[in-house]
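Novice: predicted structure and sequence below. I'll ask about it afterward.
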Amino acid sequence: MGTLPNSNNVIIPIEKFTEYALNPLKQKDKAKAFEKALGYNLGNYQKLIDNIRFNVPNYLATPKPNLGYGQRYQIIMDLLGENGKKAKVLTAWIVDETMNAARLISAYVDDE
C-alpha cells in the first residue's frame with residue numbers, strides 16, 4: 001500500500017458534489033451527513049473539493065478490485081471541515097489508464 005498514483009494531479013468532477021453528494025434533492029442522507037459532520041453544502045462545495053485534493057497525498061490508498069475499467073482505490077481521510085469539526089471521509093478513485101490520472105468516483109462521510 002502507498003499513496004494514490006499521481007496523487008498530486010487528481011481529477012475531481014464538480015458534478016460529484018453539485019449533482020450528487022451535496023445535493024439534498026438527489027442524495028438527502030449524504031448531503032445531510034456532509035453538512036452536519038463538516039459544514040459542507042452546495043454553497044461551499046469548492047472548499048470540500050479543495051480539502052480533498054489537498055489531503056489525497058497525505059493518506060494511504062487501499063487497492064480495490066479492477067472491474068475492467070481501471071485500477072480502483074479507496075482512501076479514508078480525516079478532514080477538518082468548515083464548521084471546525086473533524087470527520088472521516090471515504091473517497092473512492094479509479095486510475096484511468098488512458099489519462100494516467102486518478103479520478104474521484106465517490107465520496108461520503110464515513111461514520112463508522
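Specialist: Thanks, I have it. None of the values given here were measured: they were computed from a predicted structure.

Novice: please identify the helix or strand for the closest residue to residue 66 other than its chain neighbours.
Specialist: In space, residue 66 comes closest to residue 72 once its chain neighbours are excluded; the distance is 6.5 Å by CB to CB, 6 or more residues apart in numbering. Just so you know, the C-beta spots here come from the backbone N, C-alpha and C atoms, and that holds for glycine as well. In the assignment (DSSP states H and E), residue 72 maps to strand 71-80.

Novice: who are the packing partners of that strand?
Specialist: helix 45-55, strand 62-64, strand 86-96 (3 or more CB pairs under 8 Å, 6 or more residues apart in numbering; DSSP states H and E).

Novice: nearest to residue 13, of the ones you listed?
Specialist: Residue 13 sits nearest to helix 45-55 of all the helices and strands packed on strand 71-80, at 9.2 Å, using CB to CB.

Novice: how far does the closest one sit from the chain's center?
Specialist: 8 Å (CA atoms, centre = their mean, to the nearest Å).

Novice: elements contacting it?
Specialist: strand 71-80.

Novice: the strand it packs on - what's its average pLDDT?
Specialist: The average pLDDT for strand 71-80 rounds to 97.

Novice: can you list the strands that that strand pairs with?
Specialist: strand 62-64 (antiparallel), strand 86-96 (antiparallel) (DSSP bridges).

Novice: would you mind finding the most buried of these?
Specialist: strand 86-96 (a mean of 19; mean count of other CB atoms under 10 Å).

Novice: average pLDDT across it?
Specialist: Mean predicted confidence for strand 86-96 is 95.

Novice: could you list every residue that touches the closest residue to residue 104 other than its chain neighbours?
Specialist: Nearest in space to residue 104, with sequence neighbours left out and distances taken as CB to CB, 6+ apart, is residue 12 at 4.6 Å. The contact partners of residue 12, by CB atoms under 8 Å, 6 or more residues apart in numbering, come to 49, 52-53, 103-104.
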